[in-house]
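Visitor: give me a model of this one.
(4 chains)
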Number of protein chains: 2
Amino acid sequence: MTQYSPAQVAEKTGFSIDTLRYYERIGLLHHVTRTTGGRRIFTDDDLGWLGLVRCLRDTGMPIADMLRFAELCRAGDDTVPARLELLEQHDAAVQEKIAHLRAQQRRIRDKIQWYRNTEGCQVDRSAPADRSDSAEAVSR
Amino acid sequence: MTQYSPAQVAEKTGFSIDTLRYYERIGLLHHVTRTTGGRRIFTDDDLGWLGLVRCLRDTGMPIADMLRFAELCRAGDDTVPARLELLEQHDAAVQEKIAHLRAQQRRIRDKIQWYRNTEGCQVDRSAPADRSDSAEAVSR
DNA sequence: GCTTGACCTGGAGTACACTCCAGGTGCGAT
DNA sequence: ATCGCACCTGGAGTGTACTCCAGGTCAAGC
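Guide: Here you go, the predicted model:
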């Protein structure tokens, strides 16, 4: 079974060594084995778990929830339904987040388009009877 | 021109009154007019600007960048190209964020699927010659 | 044996974006 | 006139997730 030093794990997971230590301290990383001298040795299992942690973290799951998930995992097989529920809820949250992001992105693109138009006609002050269309407002 | 009290603006924008005051303090909200008694009066322009702020904030733009954008807006029409660039960069960042989110969501769904399978066959220990397929790892 | 660089610990510090508080004021309604 | 609520200010406090530090240890290479 392959073993990894903290530096290697940092490299592979993108978490800093300090973050790895922090995760261990708060219990997000459990019983990491050590050398006789006290140095951490990570296994492929740890890498796998950290992969999931990264995934959940990057999708906005708060650490408290990841901790809860970790505890469920440690608590044995009969927590599988609870774990599933947690993940499914999170999946739904991610789905919503993506939708919201896309909606807001549309607004940003509208704004960009609006700027492109302004730029093109260099604020045509001679336009007759300016109806002060739709909106500036948004750019003060 | 319609006017709004702090409470009304909070209601319409979803920002708390404290947040509105905070935004004014740091310069994200500029020269909000006041009554003779010192109370804030918001205009439709302010609402429009706050709409953009919400949009940028919700898509993850740090306050420092929004401040920069606000300053460009105040600096006059010749900053339009700079504003455009800022928005375009942000749009690209949002695009990337969405893509990343979708990729991670796929992994979460795989994990969910993996759990559903485990659940279904209740860890079939009698399976012949388990090749220890792909991965647990990820659930410790 | 000694150097050197990666690693260790406990605890303090940081960045970001608010959020809360105490003590005081403005103003519409009774 | 006075009540009461929304609002004001400056400043301190909060939550989240790290990140940094001092002072010490381990172990591979010369």
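Visitor: so what's A:H90 closest to, chain neighbours aside?
Guide: Nearest non-adjacent residue to A:H90, counting by C-beta to C-beta, 6 or more residues apart in numbering or on different chains: A:M61, 5.7 Å away. Heads up, the C-betas are built off the backbone N, CA and C, glycines and all.
Visitor: equivalent analysis for A:R83, please.
Guide: A:L72 (5.0 Å).
Visitor: using CSV, list the CA coordinates for the host helix or strand of that neighbour.
Guide: For A:L72, the host element (DSSP states H and E) is helix A:63-74. Extracted in CSV, the C-alpha atoms of helix A:63-74 (Å, rounded to 0.1, in the frame of the first residue of the first chain):
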residue,chain,number,x,y,z
ILE,A,63,-16.9,22.3,7.3
ALA,A,64,-19.5,21.5,10.0
ASP,A,65,-21.5,19.5,7.5
MET,A,66,-18.4,17.6,6.3
LEU,A,67,-17.6,16.8,9.9
ARG,A,68,-21.1,15.4,10.3
PHE,A,69,-20.6,13.3,7.2
ALA,A,70,-17.2,12.1,8.5
GLU,A,71,-18.7,11.1,11.7
LEU,A,72,-21.4,9.2,9.9
CYS,A,73,-18.8,7.3,7.9
ARG,A,74,-17.0,6.4,11.1
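Visitor: quick check: longest strand of chain A.
Guide: Criterion DSSP state E: the longest strand present in chain A is strand A:40-43.
Visitor: ok, and what's touching that strand?
Guide: With contact meaning C-beta atoms under 8 Å, 6 or more residues apart in numbering or on different chains, strand A:40-43 is reached by A:1-6, A:8-9, A:20, A:24, A:32-35.
Visitor: repeat the analysis, applying 7 Å as the threshold.
Guide: With C-beta atoms under 7 Å, 6 or more residues apart in numbering or on different chains as the test, strand A:40-43 has contacts from A:M1, A:Q3, A:Y4, A:P6, A:V9, A:V32, A:T33, A:R34, A:T35.
Visitor: how about that strand, does it reach DNA strand D?
Guide: No - under the criterion of C-beta under 7 Å from any atom of the strand, strand A:40-43 makes no contact with DNA strand D; the nearest approach is 10.2 Å.
Visitor: mind checking if stretch A:2-21 is in reach of DNA strand C?
Guide: Yes - Stretch A:2-21 lies within reach of DNA strand C by C-beta under 7 Å from any atom of the strand, at A:S5, A:P6, A:A7, A:Q8, A:I17, A:R21.
Visitor: how much space separates A:I41 from DNA strand C?
Guide: 8 Å (C-beta to the nearest atom of the strand, to the nearest Å).
Visitor: so that residue versus A:V9, what's the distance?
Guide: 10 Å (C-beta to C-beta, to the nearest Å).
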